[in-house]
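**Student:** Predicted structure and sequence below. I'll ask about it afterward.
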Amino acid sequence: MTKPNVERLRRFLADMTSLVGGAKQDQDEAAIVEVGSRLLGQLVAHDDWLPQAQAAAPATGYAQHLLYCDAQERFSVVGFVWGPGAFTPVHDHLAWGLIGMLRGSEIEERYERDLVTACVVPTTETVLAPGDVGVVSPTLGDIHRVRNALADRPSISIHVYGSKIGATRRHVFDLAGDCARDFVSGYSDTPLPNIWDRSRDAAGRG
């Protein structure tokens, strides 16, 4: 088995750390999203760096693996592995987010709140292919549902959020009614080893 090119992920994290470190999150969201999208696009243009433990698909549903969280929780990186046909509920993020397609394909369905009924209604649908990057944020549109576009094999996408997303209290939406329900997503149980620790690489455990 070829050893994953973890250095590619290290470079991305260093660039993202510099980006968010020089920005005021509430004022510079547009700049973070613009530059961050380019950085994520460069990362997912190469499918040689994600360790197998974070790429194995569940038999049903999807897994979300925390790949990295900034020490100040200014951003986090999560790998989503989608089983065939898997999908999320309709949900929001309450922070900016970038979605980079690494392997396979997924469909993003956007929703927005109806100003009269407060129900969520569908607006647009986008198909992401490897190398594509999508954006969510409270100012650009923050409510969506994501599903694996492939019914016969897994897909993998890499998500970057302007928060520690797995610990953030946010909302899922009931399409049959008008209610939003609080939830905290958490993560699946195969964390990435400390990618800054190059001694692991030297020992063959990176």
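**Tutor:** Okay, I see it.

**Student:** Quick check: phi and psi at Thr123.
**Tutor:** Note on Thr123: its backbone torsions stand at phi -120, psi -60 [degrees, to the nearest 10].

**Student:** repeat for Ser37
**Tutor:** In terms of degrees, to the nearest 10, the main-chain angles of Ser37 are phi -60, psi -40.

**Student:** mind listing what it touches?
**Tutor:** Contacts were defined as Cβ atoms under 8 Å, 6 or more residues apart in numbering; by that measure Ser37 touches Leu98, Val133, Val135. Where you see a C-beta, it was placed from the backbone N, CA and C, and this is true even at glycine.

**Student:** which one of those residues is nearest Leu115?
**Tutor:** Distance from Leu115 was checked for each of these by Cβ to Cβ. The minimum falls on Val135, at 23.0 Å.

**Student:** What count of nearby residues applies to that closest one?
**Tutor:** Other residues near Val135 come to 15 when the count uses other Cβ atoms under 10 Å.

**Student:** Likewise for Asn5?
**Tutor:** Asn5 has 15 nearby residues by other Cβ under 10 Å.

**Student:** now the helices: where do they sit in the protein?
**Tutor:** Assignment of helices within the chain using DSSP state H yields the ranges 6-21, 29-44, 198-202.

**Student:** low-confidence ranges in this structure?
**Tutor:** Across the chain, residues meeting the criterion (pLDDT under 70) sit at 1, 23-27, 176-178, 190-206.

**Student:** OK, contacts around the residue nearest in space to the middle of it?
**Tutor:** Central residue check for the chain by Cα atoms, centre = their mean: the C-alpha nearest the mean position is that of His159, 1.7 Å away. In this structure, His159 makes contact with Val77, Val78, Gly79, Phe80, Gly97, Leu98, Ile99, Gly100, Ile165, judged by Cβ under 8 Å, 6+ apart.

**Student:** ok, now how distant is it from Val121?
**Tutor:** With distances taken as Cβ to Cβ, to the nearest Å, His159 is found 24 Å from Val121.

**Student:** Who is the residue nearest to the centre of the chain paired with across the strands?
**Tutor:** On the basis of DSSP bridges, His159 takes part in beta bridges with Val78, Ile99.

**Student:** ok, back up a step: just give me the closest of the contacts of Ser37 to Phe12.
**Tutor:** Proximity of the contacts of Ser37 to Phe12, judged by Cβ to Cβ, is greatest for Leu98, which lies at 11.2 Å.

**Student:** Go ahead and confirm that closest one touches Val135.
**Tutor:** Yes. The pair formed by Leu98 and Val135 meets the contact definition of Cβ atoms under 8 Å, at 6.0 Å.
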